Structure formats: structure tokens, C-alpha cells
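[1] Can you look at this prediction? I've put the sequence above it.
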Amino acid sequence: MSSNPLLDSLRNAVTAAPEDIALRLHLAELLLSDGARDEAVSHIAAALQQEPGNAAASRMMAQALAPADRTEPEEPEPAPKKSYDWSAAEAELADVVQPRFIESDESEQDDEPEAVPSDPQADGAVFEVETSDVRLDDVGGMTEVKKRLNAAFLAPMRNAKLRKLFGKSLRGGLLLYGPPGCGKTFLAKAVAGELGARFISVTLQEVLDMWMGNSEKNMHALFQTARQNAPCVLFFDEIDAIGQRRSQLRNSGLRGTVNQLLTELDGVKSDNEGVFVLAATNHPWDIDQALLRPGRFDRAVAVLPPDDEARKAILGYHLKDRPVAGIKLSELVKRTDGFSGADLAHICEAASERALMDSIEAGEPRMIEMPDLLGALGEVTPSTTSWFTTARNVVLYSNQDGTYNDLAAYLKKKRML
């Protein structure tokens, strides 16, 4: 490493301010001039990781990786003093030493070389476009959530004249948040079914790529697919993983992915008419605030544990194809307040296991009855409890802009606030 005092000072400055791209590139330029190409390349690569589209960094990287020009002409190789007959030598030693190289058999020469499979990510990721036959009527309860979805997407879509009169665009982003297992993905499919729109569901692993720039390319390919299939519901599951706060992503490739997502949502060249962007998260407080600004995910709906009507529908759904007798759904509904849909499904599964094991021990089948369900209920605690502990603190100390008013109303109703 060079002991140049200026370079040492710049290295210290870059260490203190690693996100200052201009400072880092200035250091890289001086390092190139000083002949420290490897160190310069590492700084240029760090700058490109933070800002993949930086033209100055790209030019400097090309300069750093270009082969050095020869300043002196190559000297011609001296002619051999005496030729040597290698063929004759090989013939003499054929019985002693095996030849180093042999020609392929004629049958092998006729075969074409095996094709190398192409990288499916070379031209960007391919995303599956589905259709949904789920409707909001298939979602039990959740009346307030359905009203918000109807106002945000469904009513404007069905009333073209009124939409034009009131200047309502078909562009939009809606964030569904709440504890896990409460049906956010099911609601997104129901919206697509109500609109008669195509449906694309995407998670972090489908977008993120280990190679620099490919994650951004995949994000662009995702939105292009949705635009080409409009009307289309584009659903980001666990958006907090894709759109994390950039302040928590220092020197991470995810920063570029978040920036690309912002650009695709409302960039100058983004035409998302007919593309309905929905997202779901269990941790809305971990999402980058830029994603929650107007024109992006500017509306949020709390999808909370199912109400009485919804719990009755969920329990009925999971028990309808099982051998049951004497089940009092109303009693189960009263005992499962605060349970998520996934919790209710688990209770039904555990009750079935109880009846199954009794049938095996008795040697004859029996029906699933209330004691089985009550026994299973006693072994299951609501999975939403820890989530509400965190959510309560967020509502108390981070709800100045009213983002979590729906959640605050629920907590007050349940006397948790």
C-alpha cells in the first residue's frame, strides 16, 4: 500500500464516510495514477454497489480493468539453432512411453459438442402470471377491510364513467398489514378475482440475485410483465423483506433493489395504468418510509384477527369435510377471540388427530366431537400475542401521522391500549 500522505488522508476520510461516492471515486482516481490498481478497483466496485448506474464509476472501472499498453516493442523470438524431429523421437519411444495427447475416435469426431445450458436469469427473471377464482364473498367477515378494498380498487374499476368524472386513476398501491396467519394473501387473490384481473405474486427470493445489477433487472422485468398483462394485481408478499429501510441496508445490494422498486412504482417512465400493486407485511414499521409516500403504498389497511363471523366461517370450512358430530360453532367462536385463521386451522387439525388416535386404539372409527376441539383449543395459544405486544408500542409512540389508526381502534376495542 502506498505511503503517500494524501492517499492516507483520503483513505481515512472514506473510512469515516463510506457512503460518500464522490470522495471514494476521487481516491480511486488517485490510486490509479499511483499504480495501485487493485485497491482502486475495490473502491470503484464499492461505489457501483451503492449506485449501480453511476456513469463516472463505470468509466473508471473500464479504465482500471483495461490491459496496460505496451511501451516497448516485443523482441522477436530467436530462431531455433537446430530443428528437432519430434515425430521420429515419438516413434522410437512408442513402446516405452504413452503419447501425451491422442486424437479422438472417428465416432467422437462426428458428435457435436454438448450444448451448455443457458442461464435462465440471463435475460431477467420470468414470473408466473395466474388467474384467481377467489371472490370477496369467499372471505368470511372482515367487513371494514372489504369496504376499504372496494373504495380503493373495485368501485373505480367497475364504474368507468364515474372514475373519469372524479379523475380517479387505476394506478394505486395498497398495503395490507397485520399479524401472521390472518389472510392477507387470500384477500389479495380475492381482489384479483373481483377485478377479473391476472395475478402475480412475488417474494424476495424471486427478485434478489447474487450478481450486481441483476436484482434491479429482475424488479424491472416483474413490472414489465404486470404492465403487459394489465389489468393485473401485482402482489408483494412480505414487502418488508424487499423494501426494508435503506438506513438499515448500508453497503448492501438490497439498497439498489429498493431504489428500483421506487422507480417502478412512480418513476417518470413508469406507466402503471391498470396495474394494481398490493403488498402484505407483518412488520409495517420496518418498511422504508419512501415506499409509503403518495403515489406508492399510500394507503394501508389493517388485516387483524378474524371477527366472530369470520371465525365461524373459518372453523366451518376446516371441519366441513371431516367426520364431525355435535359441534357447537358458536361456543368455539366465543372461546377463540384473538386467534388467527392459521390458529383455527391448527385447532381443527389437532382435534382430528385426537379422534384418529382414539379410533386406532379402539379398533373402530369415531366422529370428531366437541371434547376433541376443546381439548385441542386448550393446547393452542394465539400466535398473535407477541405481534400485538410490538404493535402496541408502535401505536403509542410512532403513530403521529395516523398510519396505524385502524390498529389503534382495534387495540382500544380489545382493551389492549
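    Done, it's in.
[2] Confirm for me that Arg37 is in contact with Met61.
    No. Arg37 is beyond contact range of Met61, at 11.0 Å (criterion: C-beta atoms under 8 Å). Every C-beta, even on glycine, is put in place using the N, C-alpha and C of the backbone.
[3] more neighbours, these two?
    Met61 (18 against 15; other C-beta atoms under 10 Å).
[4] So for the helix or strand in which the more buried one is found, what gets flagged as buried?
    Using DSSP states H and E, Met61 sits within helix 55-65. Using 16 or more other C-beta atoms under 10 Å as the test for burial, helix 55-65 gives Ala57, Met60, Met61, Ala64.
[5] So which one of the residues you listed is the model least confident about?
    Lowest pLDDT among the buried residues of helix 55-65: Ala64, with 75.
[6] Which residue ranges of the stretch 1-150 of the chain form strands?
    130-131 (DSSP state E, counting those that start in this stretch).
[7] re earlier: show residues contacting the helix holding Met61.
    21, 25, 28-29, 32, 37, 40-41, 44-45, 47-48, 51 (C-beta atoms under 8 Å, 6 or more residues apart in numbering).
[8] Could you do stretch 363-373 as well?
    So stretch 363-373 is in contact with 319, 322-328, 331-332, 347-348, 351-352, 354-355, 358-359, going by C-beta under 8 Å, 6+ apart.
[9] ok, of the residues you listed, which come out buried?
    Counted by 16+ other C-beta under 10 Å, these give Leu319, Val324, Ile327, Leu332, Ile347, Cys348, Ala351, Ser352, Arg354, Ala355 as buried.
[10] still on that earlier bit, and which of the buried residues of helix 55-65 is nearest to Phe186?
    Using C-beta to C-beta, Ala57 comes nearest to Phe186 of those, at 44.7 Å.
[11] Low-confidence bits of the stretch 151-300 of the chain, can you list those?
    Across the stretch 151-300 of the chain, the ranges flagged by pLDDT under 70 are 152-153, 169-172, 248-253, 267-269.
[12] ok, 90 please
    Applying pLDDT under 90 to the stretch 151-300 of the chain flags residues 151-174, 183, 185-188, 191-197, 203-215, 230-233, 238, 240-276, 285-300.
[13] for it, what spans make up the strands?
    With DSSP E, counting those that start in this stretch as the criterion, the stretch 151-300 of the chain has strands spanning 172-177, 198-202, 232-236, 275-281, 299-302.
[14] Need those in CSV (columns: distance to Leu208).
    Shown next, in CSV, are these (distance: least, C-beta to C-beta, whole Å):
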stretch, distance to Leu208
strand 172-177, 21
strand 198-202, 11
strand 232-236, 13
strand 275-281, 16
strand 299-302, 25
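[15] Max pairwise distance over the contacts of helix 55-65: which two?
    Top of the distance list for the contacts of helix 55-65 (C-beta to C-beta): Arg37 and Glu51, 21.4 Å.
[16] Find the nearest non-adjacent residue to the spatially most central residue of the chain, please.
    Against the mean C-alpha coordinate of the chain, by C-alpha atoms, centre = their mean, the closest residue is Leu204 at 1.9 Å. Distances taken as C-beta to C-beta, 6 or more residues apart in numbering put Ala241 closest to Leu204, at 4.2 Å, once the chain neighbours are dropped.
[17] hmm, who's touching the longest helix belonging to the chain?
    The longest helix of the chain (DSSP state H) is helix 341-362. With C-beta under 8 Å, 6+ apart as the test, helix 341-362 has contacts from 180-183, 306, 310-311, 314-315, 318-319, 322-323, 336, 339, 365-369, 372-373, 375-377, 379-380, 382-384.
[18] which of the residues in the next helix or strand after that helix are buried?
    Scanning forward in sequence from helix 341-362 by DSSP H and E, the next helix or strand is helix 370-379. Judged by neighbour count (16+ other C-beta under 10 Å), helix 370-379 contains these buried residues: Asp372, Leu373, Ala376, Leu377.
[19] In a markdown table: the residues you listed, plus pLDDT.
    Converted to a markdown table, those look like this (pLDDT from 0 to 100):
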| residue | pLDDT |
| --- | --- |
| Asp372 | 96 |
| Leu373 | 96 |
| Ala376 | 95 |
| Leu377 | 95 |
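[20] Specify which member of those residues is nearest to Asn214.
    Ala376 (46.5 Å).
[21] Phi and psi next, for the nearest residue to Gly338 once chain neighbours are set aside.
    Closest residue to Gly338 in three dimensions, ignoring its sequence neighbours and counting by C-beta to C-beta, 6+ apart: Pro382, at 4.7 Å. Main-chain torsions, Pro382, degrees, to the nearest 10: phi -60, psi 130.
[22] Quick one: residues contacting Pro382.
    Pro305, Gly338, Phe339, Ser340, Asp343.
[23] Mind doing that once more with 7 Å?
    Gly338, Phe339, Ser340, Asp343 (C-beta atoms under 7 Å, 6 or more residues apart in numbering).
[24] Select from those the one having the most neighbours.
    Using other C-beta under 10 Å as the neighbour criterion, Phe339 leads the contacts of Pro382 with 27 neighbours.
[25] still on that earlier bit, so the residue nearest to Leu204 versus His283, what's the distance?
    9 Å (C-beta to C-beta, to the nearest Å).
[26] With Gly316 instead?
    From Gly316 across to His283, the span is 31 Å (C-beta to C-beta).
[27] Between those two, which is the more surrounded one?
    Per other C-beta under 10 Å, whichever of Gly316 and His283 has more neighbours is His283, with 17 against 14.
[28] Please report phi then psi for the more buried one.
    phi -130, psi 70.
[29] how near is it to Leu48?
    30 Å.
[30] show me the contacts for Ala408.
    Neighbours of Ala408 in contact, by C-beta under 7 Å, 6+ apart: Val395, Asn399, Leu417.
[31] Can you check my assumption that it lies in a strand?
    No. Assignment of Ala408 by DSSP: H, G, I helix; E, B strand; the rest coil gives helix, placing it outside any strand.
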